[in-house]
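Visitor: Sequence plus the predicted model coming up.
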Amino acid sequence: MTLDLWFAFVATTIFFVLLPSPVKRLAATFSLQRGRVIAFVTVPGLVLGLSAAFAIGLVPMFLVAFYLPAAMDTLSWAAVAYLMLYVLWSFQDPRAKGPVADNDNLPERRAVRIFSHVLNAPLASARYVVALAALQTQFLTQSTATLLTAAELFIVFLAATLAAALFIALAPSLSVRRRRIRRTSPTGSGKSRQVFIARRAVTAGYRRIAA
């Protein structure tokens, strides 16, 4: 591939990772709620998880480009339409939108478990595998369907994903917003409110007890 195509692939990969998605929200929420140490635990988990999804999608796309090059044109146009819908869907996905509360109960607390949780998140759904396979059709052709090009695509994808994951870890507030829970006191001054009971009601109560 030409240098322009490589730069386009890098930019597209970074854009893909930074799109609103449940995986990005998960990594950003862990970084925001657990601190900088855990933030850097999410980076290798996110990179390896998305790279595994990329590799799973790369195998069939490479085989199609190598053995059925005539089908790549039709597949490429269908993939463009799917990617456009995917981008629109990503910005409307309720699982990737909305602020997170300060007291959100995250699924894991230990660093190893957080790493494993973020790693498995892109593989738990076919969403990322299909989207990445559609992305690969824009850069794979019969002339580029070689093992060397496939390896280079994977390495460049891994490096671009690493850059995007570092951005998410270092600036999680740009990916998710906190929703702070307001705790209001019973009165404006902070003192307990005095409750007054009507004198007649109290008198009637005593009369009933005496009777």
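Guide: Everything's here; your move. Numbering: from 1, shown residues only.
Visitor: give the contact list for the most centrally placed residue in the chain.
Guide: Centroid-nearest residue in the chain, with Cα atoms, centre = their mean: K24, separated by 1.9 Å. Neighbouring residues of K24 by Cβ atoms under 8 Å, 6 or more residues apart in numbering: V17, L18, L46, A96, I168, S175. From N, CA and C alone the C-beta is placed, and that goes for glycine too.
Visitor: Give the helix, strand or coil label for the first one.
Guide: Think V17. Assigned by DSSP: H, G, I helix; E, B strand; the rest coil, the conformation of V17 is helix.
Visitor: that older thread, in which helix or strand does the residue nearest to the centre of the chain reside?
Guide: helix 22-34 (DSSP states H and E).
Visitor: Could you give the average pLDDT over that helix?
Guide: Here helix 22-34 scores 87 as its mean pLDDT.
Visitor: Please give the centre-to-centre distance between it and its chain.
Guide: Between the centre of helix 22-34 and the centre of its chain there are 7 Å (Cα atoms, centre = their mean, to the nearest Å).
Visitor: Now do the buried residues in the longest helix seen in the chain.
Guide: Scanning the chain for the longest helix, with DSSP state H as the assignment, gives helix 36-67. Residues 38-39, 41-43, 45-58, 61-62, 64-66 are the ones in helix 36-67 that count as buried (16 or more other Cβ atoms under 10 Å).
Visitor: With stretch 78-87 instead?
Guide: Residues A79, Y82, L83, Y86 are the ones in stretch 78-87 that count as buried (16+ other Cβ under 10 Å).
Visitor: helices or strands next to the strand or helix carrying V156 in the packing?
Guide: Assigned by DSSP H and E, V156 falls within helix 147-170. In terms of contacts (3 or more Cβ pairs under 8 Å, 6 or more residues apart in numbering; DSSP states H and E), helix 147-170 is packed against helix 3-18, helix 22-34, helix 36-67.
Visitor: Just give me how far the last one sits from the chain centre.
Guide: Computed by Cα atoms, centre = their mean, the chain-centroid distance of helix 36-67 equals 14 Å.
Visitor: about what we covered before: taking helix 147-170 as reference, get the angle to the helix holding K24.
Guide: 40 degrees (axes from the mean of the first three to the mean of the last three Cα atoms, to 10 degrees).
Visitor: Surely A133 touches F62?
Guide: No: counting by Cβ atoms under 8 Å, A133 sits too far from F62 to count as a contact (10.1 Å).
Visitor: possible to save the contacts of K24 as TSV with distance to A11 and pLDDT?
Guide: Conversion of the contacts of K24 to TSV gives the following (distance: Cβ to Cβ, whole Å; pLDDT from 0 to 100):
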residue	distance to A11	pLDDT
V17	11	95
L18	11	94
L46	19	96
A96	21	72
I168	17	93
S175	19	73
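Visitor: Top of those residues by number of neighbours, please.
Guide: L46 (29 neighbours; other Cβ atoms under 10 Å).
Visitor: which ones are touching that residue?
Guide: L46 sits in contact with V17, V23, K24, A27, V118, L119, P122, T161, A165, I168, where contact means Cβ under 8 Å, 6+ apart.
Visitor: Could you do M72 as well?
Guide: V64, A65, T137, L140, T141, Q142.
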